[in-house]
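Asker: predicted coordinates and the sequence they were generated for:
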2 protein chains.
Amino acid sequence: MITVTSTGGNRTRPLGIPVVAELPARAQAVPCGDCAAREACLPAALPPAQWGMINQAVCVRQHVRREYALYRAGEDFNALYALRGGSFKSYVVGEDGRDQMTAIHLRGEILGTEGIAAARHTSTLVALEDSEVCVIPFGVLRRLSAEYPTVQKWFHRLLGGQIVSNAGMIALLGTGRAEERLAAFLLNLSRRFAARGYSPREFSLNVTRHDIGSHLGLSTETVSRAFSRFQREGLVRVWKQRVQLIDIAGLKRSAGGLA
Amino acid sequence: MITVTSTGGNRTRPLGIPVVAELPARAQAVPCGDCAAREACLPAALPPAQWGMINQAVCVRQHVRREYALYRAGEDFNALYALRGGSFKSYVVGEDGRDQMTAIHLRGEILGTEGIAAARHTSTLVALEDSEVCVIPFGVLRRLSAEYPTVQKWFHRLLGGQIVSNAGMIALLGTGRAEERLAAFLLNLSRRFAARGYSPREFSLNVTRHDIGSHLGLSTETVSRAFSRFQREGLVRVWKQRVQLIDIAGLKRSAGGLA
DNA sequence: CGACCTTTTGAACGTATTCAACCGATGTGG
DNA sequence: CCACATCGGTTGAATACGTTCAAAAGGTCG
């Protein structure tokens, strides 16, 4: 396996000075077998005997520092990315300049599928913390998919799962009040953290109230007020961008069936 | 090719008396080459020399009468459906019983992808008019996809396109006022009708204001008021469920960048 | 015709947004 | 080191928008 240690793209925050990713390849043996995210990743679709093949032919690891972009809307699509460690947010920028966070991605998820249709990325992906991804060139995935039915099935489920989860988001946005949406958002994260072996009751995300608001179709102030209210009611403890879910059952009630 | 003329599922409206689909197969030669929707369908991914193979192995045509369901949420998934003629709406029913229309499907679109992930349909698909679909068994599609790179590419673009269009819907719901949403909805339909050779300026859909409202996250009354206002401003002519777009540029202005 | 559904419109209400001020943390430059 | 600017977050007050409740008109179908 080849490990590429790079800046991981362009920093987004300080007026986006283009920092070309440095690519000084440094060979390092970190096979899929050692990867904490492998159960959700491509190897899960192949017998372990084939992992060596993936290690050599497929995966190139890439570091992305916090606040830096893995890719940006408009760039050519040519690979998917398995999120090995860390987290990302994806967002789009409307014609009027307003940005809208479209998703939060946690370890084990596959990034980049939104670029498949047009062979061009339609959103921008920024690391919320120092993160690491494995690059899966799309051509390789196509080939493996044609060759191994298990890979094909894995890939179809991956894409289908994104369709379903997007549909869930549509349902969330099309119904429910501000607090229901925020509660559903928190519970969704809680479930996903739990599924990855992290605590479902306490986590922190480097996203602003503005990000959350744009994600849920709410204003910054409304998000803040909803957090305050949840805290006043003893449902959560909020400390800056760290959140502790105290009364999950109560939150579910607040989510009103949207959980 | 086998043509199956059936009731096409269960009628939804009158208290859902289960009408089992009758399946009196009646062989009829209607090859893909004669299909008006073929450019968007599977044959587009195969050389015409292979169409005969599809005709024999893949497609089973099925009629679905207006108000009847092609499939329902919870049913097993085992095929995709190419919409040969007519139109469908898909909707989900929340835990509280509220229904929400999630999409409108027009001729040439492929239906059923939301069932891939869980091998079970997550929404219900109801014909808005007497319609006709070609059944594409998923196993066959998997096999063709592995065998023909062009089919694989077609299928990947299909799924990727749904991800992108769902993301667009999320953007629509997360931002914008009621009239912006309705204008964007109408313009979206207009563009899709135009792409299929129908008039982009006049169309009719058998969906109620309630359906549209649930789709856009608005109440029935708000949809009605927005239509009335558009008509007062000379942007559209509305006559029951038929709508004529008079001032498309004005509608785009009303959509405010969401078009 | 009568029952039912859809649509429209009005009025009162409720919720989220907007505008604004303030706080605390962070970072910069003199 | 401190003054100052910036940014994210919080909170209050006024406003705008969509919902809800209510009534009535028009259509459709038995």
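Answerer: Sure thing, it's come through. This structure is a prediction, so every number in the text was calculated from the model and none was measured. Numbering: from 1, shown residues only, chains lettered A, B, ... in the order given.
Asker: helices of chain A, start to end?
Answerer: A:51-57, A:138-147, A:149-173, A:178-195, A:209-216, A:220-232, A:248-255 (DSSP state H).
Asker: of all those, which one is nearest A:V64?
Answerer: Nearest of the helices of chain A to A:V64, taken as CB to CB: helix A:209-216 at 17.6 Å. Any C-beta I mention is one placed from the backbone N, CA and C, and that applies to glycine too.
Asker: how about that closest one: buried residues?
Answerer: A:R209, A:D211, A:I212, A:G213, A:S214, A:H215, A:L216 (16 or more other CB atoms under 10 Å in any protein chain shown).
Asker: for the second one, what are its contacts?
Answerer: Contacts of A:D211 were listed using CB atoms under 8 Å, 6 or more residues apart in numbering or on different chains, and they are A:K89, A:Y91, A:M101.
Asker: redo the residues you listed as TSV? Include neighbour count and pLDDT.
Answerer: Below are the contacts of A:D211 laid out as TSV (neighbours: other CB atoms under 10 Å in any protein chain shown; pLDDT from 0 to 100):
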residue	neighbour count	pLDDT
A:K89	20	97
A:Y91	19	95
A:M101	21	96
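Asker: can you say which of the helices of chain A is packed in most?
Answerer: Comparing the helices of chain A by mean neighbour count (mean count of other CB atoms under 10 Å in any protein chain shown), helix A:209-216 ranks first with a mean of 22.
Asker: run the contact check for that helix versus DNA strand D.
Answerer: Yes. Helix A:209-216 lies within reach of DNA strand D by CB under 7 Å from any atom of the strand, at A:R209, A:H210.
Asker: check stretch A:228-246 too.
Answerer: Yes. Stretch A:228-246 reaches DNA strand D (CB under 7 Å from any atom of the strand) through A:S228, A:V238, A:K240, A:Q241.
Asker: dihedrals phi and psi, the third one?
Answerer: For A:K240, the backbone dihedrals are phi 60, psi -120 (criterion: degrees, to the nearest 10).
Asker: please tell me how far it sits from chain B.
Answerer: 24 Å (CB to the nearest CB, to the nearest Å).
Asker: now swap in the last one and tell me
Answerer: According to CB to the nearest CB, A:Q241 stands 21 Å off from chain B.
Asker: grab the nearest non-local neighbour of that residue.
Answerer: What sits nearest to A:Q241 in space, not counting adjacent residues and going by CB to CB, 6 or more residues apart in numbering or on different chains, is A:S204, at 5.4 Å.
Asker: how about the one you found, what does it touch?
Answerer: A:Q241, A:R242, A:V243.
Asker: and the residues of stretch A:228-246 next to DNA strand D, which is closest to A:I116?
Answerer: A:Q241 (31.8 Å).
Asker: and the closest one, what does it touch?
Answerer: A:S204, A:L205, A:N206, A:V207, A:T208.
Asker: go again with 6 Å.
Answerer: Counting by CB atoms under 6 Å, 6 or more residues apart in numbering or on different chains, A:Q241 touches A:S204, A:L205, A:N206.
Asker: export these to JSON lines and tack on pLDDT and distance to DNA strand C?
Answerer: Output for these, formatted as JSON lines (pLDDT from 0 to 100; distance: CB to the nearest atom of the strand, whole Å):
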{"residue": "A:S204", "pLDDT": "92", "distance to DNA strand C": "14"}
{"residue": "A:L205", "pLDDT": "91", "distance to DNA strand C": "17"}
{"residue": "A:N206", "pLDDT": "93", "distance to DNA strand C": "13"}
